[in-house]
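Student: pasting the sequence and the predicted model now:
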Amino acid sequence: MDISQWSSLIKSGSYLSAIELHPFDKSYLLHQFYAWGQDLGVPVYLFNPGYAGWQQVQHQDDSIQLHPAVLMQNQDDEASRCGMDECMQWLMQNPTPGIFLLEGLMPLSEQRRYQLMNVFEQSRWTGMPCYWVILDEAIDLPPGIQGMIPTLSLALPNRVQTGEWVSQWCANQGVQDVEGRLARAATGLSRGELSWILHREWVFVDAVTDLAVRVLDYKTSKLKGRGLELINAPDVPDAGGMDLLEARLERIVALLDPIAAQHKLSFPKGMILWGPPGTGKSLSAKLCAGKMGVPLLAADWNGLRGKDATESLQNLRWLLDTAESMAPCVLYWDDFDKGFAGWDTDMVAKASAQRLLTWMQERVAPVFVMATVNRLGMLPIELTRPGRVDDIFFVDLPHDGARYDVFNLHLAKYFPEFRNLEPDQSPWTEKQWRALLTEYRLCTPAEIANAVKRVAEEQFYQNALAGHPEQGLVCPFNEMLQQRERFTPAMVREEGAMLEIRNNATFAQPVSSLDTSRFARAKLELFG
């Protein structure tokens, strides 16, 4: 439930509740509870382990302030500190009208679990307006008392809510958010956190565009520390030779239109890109976000793992909440299969995987999951059935026509002579291309990209030796051909592992249609 439902909840007789909130939002929460306290005619108190005793929430000079409240014996004695257990025990023995906010109660010990059960029973027969509210960033209640303590949430604002708040802040400052850059940078931050960051960073800049950069840097650093990373657009415009995948992505982009919902069409859940390493799976995932015009969030399994299952689940929940607040977006999992390795025996991995599978099934926010895997068999069968992902594509070694496209993508990146060419136009002859494509036939797109880069580095070095480092690079065909002799492709080096992956390619859709380019090789009959 949303936090706005708390006042309705207590009317139903729920004197014990819990609220999940982000630490920066506590000031907003105290304002809200102070207003509810005024409506109910009761005071509001707060306790957390950082205080010596109960603090009363008061409103003064248009702001919320906390003042020590003498509720317990010896609480006014500086030499006497009251801990969480003492405060809870006193409140149980001395029910007092008021709203009592308990922050830092998690994780629940055995004693506190029974105390809360006793409070639940006690409040049912006393009827005194003594309301207990547990506050924490993540509420983790044992199954036995979950029904006794309804949990509400002060959720992250969505993209629209963030945009409205940023517009209001800009209006108060007498500035304008050009092209919505600040609003985009602010998505995924709680309102209290955003308010603090904007006021803190505004004194260091002169323009809203500069402020947007600083807010984005702050958010990027924060996300990275919790297993999530904002990924920039790749340095090539497309993956090359993946026309079937491109066609599917175009249809997914169309479903982002709000009008699609009027036709009862829901946004797709996501897709799995499966295939040998180096074939362009990760690049395709990154390009997907660019085609959709939405942020790309990369999840990191290692960053999500905590010291125990509880912390890991909290990290995962925070990641998923952040992704939903930034929707529409692409949530990208590289080497997705590694997160499920040993999940049948590792209880931490199993709990995280089950939570993720449930979210993938039930979510309604337009978060498109792109997952790359090397070994599809390592994924639980529940993940590959309809409802959690919509498509499974196999990304294989490119055929000759696709390999030609991959070469030109990377050649154009370094060598001016390969840019702005008409279709089928090239500095090299068709005979040269056929020889090159044959030599690189067992190479992955990643190996082709690296070979082109090595040739470019060598040409720059030669220009520098000649005293002309600023001179444009030229790619000698023979050097590109010779570069192939300087490495062993993974398809040869790790033939068994690569063939094991490719042998199951028929279980997924191909990313490329049949080769119809001028480089397509005719099928030969063994017996004519």
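Tutor: Looks like it arrived, so ask away. Numbers count the residues shown, from 1 in each chain.
Student: residue ranges with poor pLDDT in the stretch 1-150 of the chain?
Tutor: Regions of the stretch 1-150 of the chain meeting the criterion pLDDT under 70 cover residues 72-81.
Student: rerun that using 50 as the cut-off
Tutor: Low-confidence segments of the stretch 1-150 of the chain (pLDDT under 50): 75-80.
Student: the strands in it, which residues?
Tutor: 16-20, 44-47, 55-60, 63-68, 98-103, 130-136 (DSSP state E, counting those that start in this stretch).
Student: swap in the stretch 151-300 of the chain?
Tutor: Under DSSP E, counting those that start in this stretch, the stretch 151-300 of the chain gives strands at 151-153, 228-230, 270-274, 296-299.
Student: now mean neighbour count, distance to Gly241 and mean pLDDT too, for those, in CSV please.
Tutor: C-beta here means a position set from N, CA and C on the backbone, and glycine is covered the same way. Shown next, in CSV, are these (neighbours: other CB atoms under 10 Å; distance: least, CB to CB, whole Å; pLDDT from 0 to 100):
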stretch, mean neighbour count, distance to Gly241, mean pLDDT
strand 151-153, 16, 45, 90
strand 228-230, 19, 28, 76
strand 270-274, 25, 14, 89
strand 296-299, 22, 22, 86
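Student: so can I have TSV of the ones you listed showing distance to Thr372?
Tutor: Listed next are the strands of the stretch 151-300 of the chain as TSV, based on distance: least, CB to CB, whole Å:
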stretch	distance to Thr372
strand 151-153	32
strand 228-230	15
strand 270-274	5
strand 296-299	11
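Student: between the ones you listed, which gets nearest to Asp424?
Tutor: strand 270-274 (29.0 Å; CB to CB).
Student: how is this protein carved up into domains?
Tutor: For the chain, automatic domain parsing gives the domain ranges 3-153, 159-224, 243-394, 400-510.
Student: how many residues are close by the nearest residue to Ala451 once chain neighbours are set aside?
Tutor: Nearest residue to Ala451, sequence neighbours excluded (CB to CB, 6 or more residues apart in numbering): Gln483, at 4.7 Å. Applying other CB atoms under 10 Å, we find 19 residues neighbouring Gln483.
Student: list the buried ones in the longest helix seen in the chain?
Tutor: Of all the elements of type helix in the chain, the one with the most residues (DSSP state H) is helix 445-465. Buried residues in helix 445-465, counted by 16 or more other CB atoms under 10 Å: 445-452, 455-456, 459, 463.
Student: show me what that helix is packed up against.
Tutor: For helix 445-465, the packing partners by 3 or more CB pairs under 8 Å, 6 or more residues apart in numbering; DSSP states H and E come out as helix 400-414, helix 477-483.
Student: please repeat the previous calculation with a cut-off of 10 Å.
Tutor: For helix 445-465, the elements it packs on are helix 281-292, helix 400-414, helix 477-483, helix 490-493, judged by 3 or more CB pairs under 10 Å, 6 or more residues apart in numbering; DSSP states H and E.
Student: and the first one, how far from the chain's centre?
Tutor: Distance of helix 281-292 from the chain centroid (CA atoms, centre = their mean, to the nearest Å) equals 15 Å.
Student: and the helices in the stretch 101-250 of the chain, which stretches?
Tutor: 110-126, 143-146, 159-173, 181-186, 191-202, 208-224, 243-254 (DSSP state H, counting those that start in this stretch).
Student: any chance of the strands of the stretch 1-150 of the chain in JSON lines, with distance to Gln122 and mean neighbour count too?
Tutor: JSON lines is the format used below for these (distance: least, CB to CB, whole Å; neighbours: other CB atoms under 10 Å):
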{"stretch": "strand 16-20", "distance to Gln122": "10", "mean neighbour count": "21"}
{"stretch": "strand 44-47", "distance to Gln122": "18", "mean neighbour count": "24"}
{"stretch": "strand 55-60", "distance to Gln122": "23", "mean neighbour count": "16"}
{"stretch": "strand 63-68", "distance to Gln122": "26", "mean neighbour count": "13"}
{"stretch": "strand 98-103", "distance to Gln122": "13", "mean neighbour count": "22"}
{"stretch": "strand 130-136", "distance to Gln122": "9", "mean neighbour count": "22"}
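Student: need those in JSON lines with distance to Val511, can you?
Tutor: Listed next are the strands of the stretch 1-150 of the chain as JSON lines, based on distance: least, CB to CB, whole Å:
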{"stretch": "strand 16-20", "distance to Val511": "41"}
{"stretch": "strand 44-47", "distance to Val511": "56"}
{"stretch": "strand 55-60", "distance to Val511": "58"}
{"stretch": "strand 63-68", "distance to Val511": "56"}
{"stretch": "strand 98-103", "distance to Val511": "51"}
{"stretch": "strand 130-136", "distance to Val511": "45"}
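Student: now the helices for the stretch 251-400 of the chain?
Tutor: Counting by DSSP H, counting those that start in this stretch, the helices of the stretch 251-400 of the chain are 259-262, 281-292, 301-304, 309-325, 347-362, 400-414.
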